[in-house]
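# Give me coordinates for this.
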Amino acid sequence: MSDFTLHTNETAPDAAKPLLEKSVKAFGMLPNLHAVMAESPQLLDSYQQAHELFQQTSFNAEELTVVWQAINIEHDCHYCVPAHTGIAHSMKVDQDIIDALRNKTPLADEKLEVLRDTTLAMVRQRGVLSDEDVNKFYAVGYGKKQLLEIVLGLSQKVMSNFTNHLADTPVDAPFKQFV
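Presented below is the predicted three-dimensional model:
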């Protein structure tokens, strides 16, 4: 069992307290991931910023979900897979997309499938994509900007997935139905 603390505003380091308040304001609750990350205010701040910035990319809700879940599933994150399933529902992502991602089955939309394939290639090949990978990505309408935006999403997910592996973060009550 993990010995990481699920911090509250009372137990968190002073520098983390405003960040926890920001989390509650944004999510209507204190996600356990953020409660763990509060141990390192710098990590929590970086994660919050990466999350906000990734949501401001050129990707729509379906594409954000594809990038997030492709990485979460590849990293076998017990916390983020159900959390992002719930988030996908709140963003009105089609159930077929959610299921295909979780079940590792082909996505009906070719562009989304190429996005998933490219994201997984980034993860598995540590950012070293083949010309074929890049050309497939460009052929469906993405560009250099979106390649770099995947890097941003991957950065966010490394912070959360690795934290959850280290801390064995308990899944939040609203997401337990998606475990």
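
# and the helix or strand Gly153 falls within, average pLDDT?
Gly153 belongs to helix 144-167 when assigned by DSSP states H and E. Computed over helix 144-167, the mean pLDDT rounds to 98.

# Over to stretch 14-31?
Mean per-residue pLDDT for stretch 14-31: 97.

# Convert that stretch to PDB, retaining C-alpha atoms only.
The C-alpha coordinates for stretch 14-31 follow below in PDB (Å, rounded to 0.1, in the frame of the first residue of the first chain):
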ATOM      1  CA  ASP A  14       1.200  26.200   2.200                       C
ATOM      2  CA  ALA A  15       2.200  26.600  -1.500                       C
ATOM      3  CA  ALA A  16      -0.300  23.900  -2.500                       C
ATOM      4  CA  LYS A  17      -3.300  25.400  -0.700                       C
ATOM      5  CA  PRO A  18      -4.300  27.900  -3.400                       C
ATOM      6  CA  LEU A  19      -3.800  25.100  -6.000                       C
ATOM      7  CA  LEU A  20      -6.100  22.800  -4.100                       C
ATOM      8  CA  GLU A  21      -8.700  25.600  -4.000                       C
ATOM      9  CA  LYS A  22      -8.300  26.000  -7.700                       C
ATOM     10  CA  SER A  23      -9.000  22.300  -8.200                       C
ATOM     11  CA  VAL A  24     -12.100  22.400  -6.100                       C
ATOM     12  CA  LYS A  25     -13.400  25.400  -8.100                       C
ATOM     13  CA  ALA A  26     -12.600  23.700 -11.400                       C
ATOM     14  CA  PHE A  27     -14.000  20.200 -10.600                       C
ATOM     15  CA  GLY A  28     -16.500  20.800  -7.800                       C
ATOM     16  CA  MET A  29     -14.500  18.400  -5.700                       C
ATOM     17  CA  LEU A  30     -10.800  17.800  -4.800                       C
ATOM     18  CA  PRO A  31      -9.700  15.000  -7.100                       C
END
